[in-house]
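> sequence unknown, structure follows:
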């Protein structure tokens, strides 16, 4: 651990500081939005959105290197494609005409296919693994600013409309009957989910980011009586998993994304087993 | 003397789902402060009727007036209580959180953001007192029994300041004692509002309810005073044709005197 703290002060490796800061900042959005996602049971939608980001990242890299749009960073591509995917899935699920799961599956795979095709046509070697599973070497100071701005936007909106979002998570039909535009808030929730998964795509990657959204909230769910408690606990757990994961990955020279997710998954497993035992003994 | 405006008024309402008729030529008049039950076999159209009154489903033909307005506009005066079994049993909310949701959709800045004020909280606690759940306000919704959850959901509906209370099978999945409790609560509310509930339990119905709407594609309204034990058993068995022949129903059904 001391090794990790020393490294954080090392001016030669700024990306470690950036990754840690991004992780701590983004944990706020992950905790808040993750709680909604878990209680509303839409983690599969979050999964489709995050995988679609490969399309946006690939297109952005292509635009940067081939077309010459230097402003079009992969982070921007990720955010854009995540929002597009969110709106498409949201509208499909609200209309209820098409089969929602089919559309989700189609977007999931097509988004990834588009991304890989763009990467194939982008000159220079770019390892898709770093997009899929995260690579903190890619995080820049510019990304950090974007993460901070989006984080404030997401957490702010989610907390401002907390009661209405809680309403559509608990009982969408009743909320609609109260004159609240339930469909609109559902779309807002999915868009917030999209922005959230885009926040840490650099650190944990598009495949693993979904676990960081749901696992802290799932662990928090075992302890929380109210949704606000669940959010606060999720934020704390998310920060804890990110910091320990990053430290572990640095000390043992391992990829950051899998290290973080391993801690999150491990904690979820332990808490689930312990709570089973507690219930079991309580019944005796 | 003009008759008071009916709480629920349907004229020639028909609805079909994928070309299969669910409701045909439905005519209903429910006067204000009536305690009315909707009965009928599963798949007979009870839920559809409820959704038409709530404005969640548009009928193919016919006219619907709720409290003198279109269903969508009347929504703000409707307190709706769905079945508690619909809810995620692990959802992290307290009793007060649930009841406060009845205050969503208010006007003004607070209403836009959905923030609750002191008045909303007081109203929620008053509603909890009314269903005798005031001591449980801070307990998790998930630890309550079925009957207690139903009462919390009634309190949430009361928080909407309803003139019409719609209950979807309030007595299903609760034990006899809880059912009795619900019954006495509803009896107390009856003087203040029109109560309309979907029920499959006619034993419960006959003692408090003043009229029964029988739904099986077509709809007939009976005052409970005309229901004998035998007819109740017949309805329970789903034999609606028998009743239709026995009672010569007018277009408006039986009007309670």
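Nice, I can see it. All figures in this text were calculated on a predicted structure; none of them were measured in a lab. Residues are numbered from 1 along each chain as shown, chains lettered A, B, ... in the order given.

> going forward, measure contacts between C-alpha atoms and count neighbours the same way
Noted.

> Now residue A:171. Its backbone dihedrals?
phi -160, psi 90 (degrees, to the nearest 10).

> Quick one: neighbours of it, just the number.
Residue A:171 sits with 19 neighbouring residues when counted by other CA atoms under 10 Å in any protein chain shown.

> Nearest residue to it in space, ignoring adjacent ones along the chain?
Leaving aside its sequence neighbours, residue A:171 sits nearest to residue B:87 (CA to CA, 6 or more residues apart in numbering or on different chains; 7.6 Å).

> what about that neighbour, how many neighbours?
13.

> any idea how far it is from residue B:81?
12 Å (CA to CA, to the nearest Å).

> Contact partners for residue A:268?
A:215-216, A:218-219 (CA atoms under 8 Å, 6 or more residues apart in numbering or on different chains).

> now do 7 Å
With contact set as CA atoms under 7 Å, 6 or more residues apart in numbering or on different chains, residue A:268 has these partners: A:215, A:219.

> That one - that's part of a helix, no?
Yes. Per DSSP: H, G, I helix; E, B strand; the rest coil, residue A:268 lies within a helix segment.

> So which residues on chain B come close to chain A?
B:75-76, B:91-94, B:101, B:104-105, B:113-115, B:140 (CA under 7 Å from any CA of the partner chain).

> Out of the residues you listed, which one has the lowest pLDDT?
When the residues of chain B next to chain A are sorted by pLDDT, the bottom entry is residue B:105 at 76.

> Tell me how many other residues crowd that one.
With other CA under 10 Å as criterion, residue B:105 counts 23.

> Likewise for residue B:19?
7.

> ok, now how distant is it from residue A:156?
For residue B:19, the distance to residue A:156 (CA to CA) stands at 47 Å.

> quick one: contacts for the residue in the stretch 151-284 of chain A that chain B sits nearest to?
Proximity of the stretch 151-284 of chain A to chain B (CA to the nearest CA) peaks at residue A:226, 4.7 Å away. Applying CA under 7 Å, 6+ apart to residue A:226 gives the contacts B:92-94.

> so which of the residues you listed is the most crowded?
Among these, residue B:92 has the most neighbours (other CA under 10 Å), with 23 neighbours.

> that's a strand at that one, yeah?
No. Counting by three-state DSSP, residue B:92 is not found in a strand; it is coil.

> Tell me the secondary structure at residue 37.
Picked chain A for this. Here residue A:37 is recorded as helix under three-state DSSP.

> wrong one, chain B
Secondary structure for residue B:37, judged by three-state DSSP, is strand.

> Number of residues surrounding residue A:125?
Residue A:125 has 8 nearby residues by other CA under 10 Å.

> for the one 10 residues further on, same thing?
Burial of residue A:135 is recorded as 20 neighbouring residues (other CA under 10 Å).

> Might one say that it is in contact with residue A:203?
Yes. At 5.6 Å, residue A:135 counts as touching residue A:203 under the criterion of CA atoms under 7 Å.

> tell me, what's touching those two both at once?
Counting by CA under 7 Å, 6+ apart, the shared contacts of residue A:135 and residue A:203 are residue A:256.

> how about the strands of chain B, start to end?
Along chain B, the segments classed as strands by DSSP state E run B:8-17, B:20-30, B:35-39, B:61-66, B:78-81, B:164-168, B:194-198, B:211-216, B:218-223.

> Helices of chain A, start to end?
A:2-9, A:14-40, A:43-62, A:74-95, A:100-121, A:128-133, A:141-160, A:162-170, A:172-177, A:182-199, A:201-221, A:227-251, A:256-283 (DSSP state H).

> nearest to residue B:186, of the ones you listed?
helix A:172-177 (20.2 Å; CA to CA).

> ok, residues contacting that closest one?
A:167-168, A:182, B:75.

> For that helix, list every residue counted as buried.
Within helix A:172-177, the residues scored as buried using 16 or more other CA atoms under 10 Å in any protein chain shown are A:172, A:174-177.

> Which two among those are spaced furthest apart?
The widest separation within these (CA to CA) is 8.7 Å, between A:172 and A:177.

> Just give me the residue closest to the centre of the chain.
All of this refers to chain A. residue A:197 (2.6 Å; CA atoms, centre = their mean).

> oops, chain B please
Closest residue to the average C-alpha location of chain B: residue B:166 at 2.1 Å, with CA atoms, centre = their mean.
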